[in-house]
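Engineer: pasted the sequence and its predicted model underneath.
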There are 2 protein chains.
Amino acid sequence: MTAAAHWPDLPPDHPFGVATLPYGVFTTGAEAPRVGVRLGEQVLDVAAVAEADGRVPDLAAAFGAPSLNRLLSLGRPAWRRARDWLTELVTEPRHRDAVAAHLVPLDRARLVLPIEVADFVDFYASEHHAANVGRIFRPDTPPLTPNWKHLPIGYHGRAGTVVVSGTAIARPRGQRRPPGVTAPTFGPSQALDIEAELGFVVGQGTELGTAVSVDEAADHLFGVVLLNDWSARDIQAWEYVPLGPFLGKSFATSISAWVVPLDALAAARVPVPGQDPEPLPYLRGAHPPQGLDIRCEIELNGTVISRPTYRDMYWSPEQMLAHMTVNGARLRDGDLFGSGTISGPRDDSLGCLLELTHHGTRPLRLADGSTRGYLADGDRVTLRAVAPGPAGARIGLGEVTGTIVPPR
Amino acid sequence: MTAAAHWPDLPPDHPFGVATLPYGVFTTGAEAPRVGVRLGEQVLDVAAVAEADGRVPDLAAAFGAPSLNRLLSLGRPAWRRARDWLTELVTEPRHRDAVAAHLVPLDRARLVLPIEVADFVDFYASEHHAANVGRIFRPDTPPLTPNWKHLPIGYHGRAGTVVVSGTAIARPRGQRRPPGVTAPTFGPSQALDIEAELGFVVGQGTELGTAVSVDEAADHLFGVVLLNDWSARDIQAWEYVPLGPFLGKSFATSISAWVVPLDALAAARVPVPGQDPEPLPYLRGAHPPQGLDIRCEIELNGTVISRPTYRDMYWSPEQMLAHMTVNGARLRDGDLFGSGTISGPRDDSLGCLLELTHHGTRPLRLADGSTRGYLADGDRVTLRAVAPGPAGARIGLGEVTGTIVPPR
């Protein structure tokens, strides 16, 4: 077992050191998938450790499940207890052998979709993104719609096509109407785009008719994934009036295999940039809203094409969750909501090709000399992100990657 | 056992006679919910019958499950086999005692949500409804958007708030902007509406990247429910630009407890009213598109306020399913899609109060002398529907009912 060489001798700034401890679901072969925790370049088989440990039988059962949903159902006190137990295991020398006995090298683990997605909602919480899109698609009207600063705009996406990082993405076919003609045509999308987002994983479901307040939201926010909301801009532009995006988005949404607990991101909480006008009371909590100081990068075929900054997002995760439930809509374990495209104020912090290339009219040049307006078949996109942790630690959010393949 | 008095001596035009045989999920008390089939005013405990019968072990297992999803996963050949077996049971005298031994009076059965809803999509397939809404909300533009006759417009709704008939509906709270003011207000919806729809229950999931053609769609269309897409028009009007309906719809969607197999509706298939322009090839099958001759009624506090006619719908169920998957979005067992509001061409065949009362400005008078623009607390809404069956039989679609209660 080479585990000891990597752990606990990980450099203090390793993004998957003892301050991160993200959850995933893995298998090494024929055995059923179960929960794992990433530690450096290894995966800790926490179901096995918990069973051997004997002190946390409820967690052992949850870790033995083929998704995180059972852990999600246990609620925040159990999530805290699980993290405290894990932190003790990986920091106290007396547990070293017990942990080392259950580490699996990352390259031997096959990571599967970590959650059974219940409902998937996608928000639109970057003012820069919403305004840029408005300027491109609706140049004759104000860039933000009148409702934008009053509520976190969102819509439901397709839960059944959320896939784990690494899944190939088939270029979608669909209807689109080329500029200047009346009738639509049909074929593979000619404007396939990415959207760099964070996804928030929800646990501890609620009863129908119950609103979750901004201050209660933390009890239902389990963790964060990186999310690529693949978007076919030509299909979307033709279909979305009046009921919103549908087939332009529903073919695939990729998430990272590792879910980073919100508790690992305490040092990354920062005030949101400022909300004016003041939101309605149901969107206010006891404290000012807080975003997350998470720095992302978008890599296309090996070239970093943008560095979106999550701290520039207008609405907080707690506000999004409170808004989503204020009408009494219940939450279920495994609900997932996306932040919307993370675009910052600068040209090098935009979160999608629509903005980066101005709807394909100003192509990007990649390191290999080629140019891209939108994605070509064979293109490989990877989103990565990192956040500050306690005492100089770095919190890695892993990566979400996908390669475009032609339609079947 | 009083079964024999009701069965098979049911009048030939009973809507739940031997030509209907809809599936639901029921319990009579503490025992786990299992599949039942309605026969007149009784529920046949088909898991028990199948177990005693011994010829259909795979169906017996599916019928013993707490939802129809296991049956949905088996696919059309098994659905046909199940229906043939059931038809033999309830029509051949030699099975009479075997059936009678497992009938439960309807008033002793508690009916639960019959499917675990995977993804929920809502379409907008009535030209009359779409045009009426356009005239009311966008009086200065053409009533139909330019895309409407080229594709079945749809969007994803919230699967987790689909509830069974009889569930109380709490009036949603939310943001709305009264006419003539700039800033929104917050409170219980003042424009709570119904939408009378059919829901189509999907089975035999597909792989990501696979489109289901119009001609293949029948293999994935298991059955039909009545669906009430409760809608808060004031919340919806303020939030829906640019990403579509969200909280104005997501608080609750009610479906009937009985799922009527498409195979029971063969005699109700009728040509759609006509599609001009001709749809793109992926929306065409080997035969002209067919709708369903289903007559609905909407009852509000005992007064029938409308009689919507499904045969006036523009897009066929097969076209909706083909469109939904043409981008490669996979289907899952338990996917549900709504037709959109069923509005016919006449004033007495409209499917929602928005149209029936012209957005509340022309209130309806009920039998008790009261008037309604939109729904009041305590109001009870029931949708019912019936279709022609073979040889003069009537096929009942049951009912979906809900009573409005104040927000918690």
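Structural biologist: Alright, I've got the coordinates.

Engineer: in space, what's closest to the closest residue to chain B within the stretch 151-300 of chain A - neighbours in sequence excluded?
Structural biologist: Residue nearest to chain B within the stretch 151-300 of chain A: residue A:244 (2.1 Å; C-beta to the nearest C-beta). (C-beta placed from N, C-alpha, C; glycine too.) In space, residue A:244 comes closest to residue B:244 once its chain neighbours are excluded; the distance is 2.1 Å by C-beta to C-beta, 6 or more residues apart in numbering or on different chains.

Engineer: follow-up on the earlier one: looks to me like the residue of the stretch 151-300 of chain A closest to chain B is in a strand.
Structural biologist: No - assessed with DSSP: H, G, I helix; E, B strand; the rest coil, residue A:244 is coil; it does not lie in a strand.

Engineer: the helices in the stretch 101-250 of chain A, which residues?
Structural biologist: A:127-137, A:233-239 (DSSP state H, counting those that start in this stretch).

Engineer: mind putting those into TSV with mean neighbour count, mean pLDDT and distance to chain B?
Structural biologist: Output for the helices of the stretch 101-250 of chain A, formatted as TSV (neighbours: other C-beta atoms under 10 Å in any protein chain shown; pLDDT from 0 to 100; distance: least, C-beta to the nearest C-beta, whole Å):
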stretch	mean neighbour count	mean pLDDT	distance to chain B
helix A:127-137	20	95	8
helix A:233-239	24	97	6
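
Engineer: give me the three-state assignment for residue A:320.
Structural biologist: Going by three-state DSSP: residue A:320 is helix.

Engineer: hang on, isn't it packed against residue A:152?
Structural biologist: Yes - Residue A:320 lies in contact with residue A:152 (C-beta atoms under 8 Å); the separation is 4.8 Å.

Engineer: which neighbours do these two have in common?
Structural biologist: Taking C-beta atoms under 8 Å, 6 or more residues apart in numbering or on different chains as the criterion, residue A:320 and residue A:152 both touch A:123, A:125.

Engineer: count the residues that sit near the residue of the stretch 151-300 of chain A closest to chain B.
Structural biologist: Neighbours of residue A:244 under the rule other C-beta atoms under 10 Å in any protein chain shown: 27.

Engineer: do the same with residue A:305
Structural biologist: Applying other C-beta under 10 Å, I find that residue A:305 has 21 neighbouring residues.

Engineer: so what's it up against?
Structural biologist: A:298-299, A:356, A:364, A:366.

Engineer: which stretches of the stretch 151-300 of chain A have low pLDDT?
Structural biologist: Residue ranges of the stretch 151-300 of chain A with pLDDT under 70: none are present.

Engineer: could you show me where the strands are in it, in order?
Structural biologist: Using DSSP state E, counting those that start in this stretch, the strands of the stretch 151-300 of chain A run over A:154-157, A:162-164, A:169-170, A:173-176, A:185-188, A:192-193, A:196-202, A:221-228, A:231-232, A:253-255, A:260-261, A:269-271, A:290-292, A:295-300.

Engineer: okay, those strands in CSV with mean neighbour count and distance to chain B next?
Structural biologist: Putting the strands of the stretch 151-300 of chain A into CSV (neighbours: other C-beta atoms under 10 Å in any protein chain shown; distance: least, C-beta to the nearest C-beta, whole Å) gives the following:
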stretch, mean neighbour count, distance to chain B
strand A:154-157, 26, 4
strand A:162-164, 21, 7
strand A:169-170, 22, 4
strand A:173-176, 24, 5
strand A:185-188, 15, 5
strand A:192-193, 26, 11
strand A:196-202, 28, 11
strand A:221-228, 27, 15
strand A:231-232, 27, 7
strand A:253-255, 28, 11
strand A:260-261, 26, 23
strand A:269-271, 14, 24
strand A:290-292, 21, 21
strand A:295-300, 20, 22
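
Engineer: residues in contact with the residue of the stretch 151-300 of chain A closest to chain B?
Structural biologist: Residue A:244 touches A:155, B:155, B:240, B:242-245, counting by C-beta under 8 Å, 6+ apart.

Engineer: mind redoing it with 7 Å?
Structural biologist: Residue A:244 makes contact with A:155, B:155, B:243-244, according to C-beta atoms under 7 Å, 6 or more residues apart in numbering or on different chains.

Engineer: pull the longest helix from chain A.
Structural biologist: The residue-count maximum for a helix in chain A (DSSP state H) belongs to helix A:76-91.

Engineer: how many neighbours does the closest residue to residue A:128 other than its chain neighbours have?
Structural biologist: If the residues on either side of it in the chain are set aside, residue A:128 comes closest to residue A:343, at 4.3 Å by C-beta to C-beta, 6+ apart. Using other C-beta under 10 Å, residue A:343 is surrounded by 28 other residues.

Engineer: tell me how far residue A:343 lies from chain B.
Structural biologist: Counting by C-beta to the nearest C-beta, to the nearest Å, the gap from residue A:343 to chain B is 16 Å.

Engineer: ditto for residue A:60
Structural biologist: Separation of residue A:60 from chain B (C-beta to the nearest C-beta) stands at 26 Å.

Engineer: would you agree that residue is in contact with residue A:52?
Structural biologist: No - here residue A:60 does not reach residue A:52: they are 9.1 Å apart, not a contact under C-beta atoms under 7 Å.

Engineer: which of those two has more neighbours?
Structural biologist: Legend: neighbour count by other C-beta under 10 Å for residue A:60 and residue A:52, higher for residue A:60 (19 against 12).

Engineer: mind listing what that one touches?
Structural biologist: A:47, A:50-51.

Engineer: now name the helix or strand holding it.
Structural biologist: helix A:57-63 (DSSP states H and E).

Engineer: please identify the buried residues of that helix?
Structural biologist: A:59-60, A:62-63 (16 or more other C-beta atoms under 10 Å in any protein chain shown).

Engineer: for the residue in the stretch 251-400 of chain A that chain B sits nearest to, what are its contacts?
Structural biologist: As assessed by C-beta to the nearest C-beta, chain B sits closest to residue A:327 within the stretch 251-400 of chain A, at 3.7 Å. Residues in contact with residue A:327 (C-beta under 7 Å, 6+ apart) are B:172-174, B:235, B:247, B:250-251.

Engineer: which pair of those spans the longest distance?
Structural biologist: Spanning the widest gap among those are B:173 and B:250, at 12.6 Å by C-beta to C-beta.

Engineer: surely residue A:254 touches residue A:165?
Structural biologist: Yes - using C-beta under 7 Å, residue A:254 is in contact with residue A:165, at 5.9 Å.

Engineer: what's the overlap in contacts for the two?
Structural biologist: residue A:400.

Engineer: and the helices of the stretch 101-250 of chain A as a markdown table, adding distance to residue B:213?
Structural biologist: Shown next, in a markdown table, are the helices of the stretch 101-250 of chain A (distance: least, C-beta to C-beta, whole Å):
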| stretch | distance to residue B:213 |
| --- | --- |
| helix A:127-137 | 32 |
| helix A:233-239 | 18 |
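
Engineer: and of those helices, who's closest to residue A:221?
Structural biologist: Checking the helices of the stretch 101-250 of chain A against residue A:221 by C-beta to C-beta gives helix A:127-137 as the closest, at 21.8 Å.

Engineer: convert that closest one to PDB, retaining C-alpha atoms only.
Structural biologist: Presented in PDB, the C-alpha positions along helix A:127-137 are these (Å, rounded to 0.1, in the frame of the first residue of the first chain):
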ATOM      1  CA  GLU A 127     -25.600  40.100 -13.200                       C
ATOM      2  CA  HIS A 128     -22.800  40.300 -15.600                       C
ATOM      3  CA  HIS A 129     -24.000  37.200 -17.500                       C
ATOM      4  CA  ALA A 130     -27.600  38.300 -17.600                       C
ATOM      5  CA  ALA A 131     -26.700  41.800 -18.800                       C
ATOM      6  CA  ASN A 132     -24.300  40.400 -21.400                       C
ATOM      7  CA  VAL A 133     -26.900  38.000 -22.800                       C
ATOM      8  CA  GLY A 134     -29.500  40.700 -22.800                       C
ATOM      9  CA  ARG A 135     -27.100  43.000 -24.800                       C
ATOM     10  CA  ILE A 136     -26.400  40.300 -27.400                       C
ATOM     11  CA  PHE A 137     -30.000  38.900 -27.800                       C
END
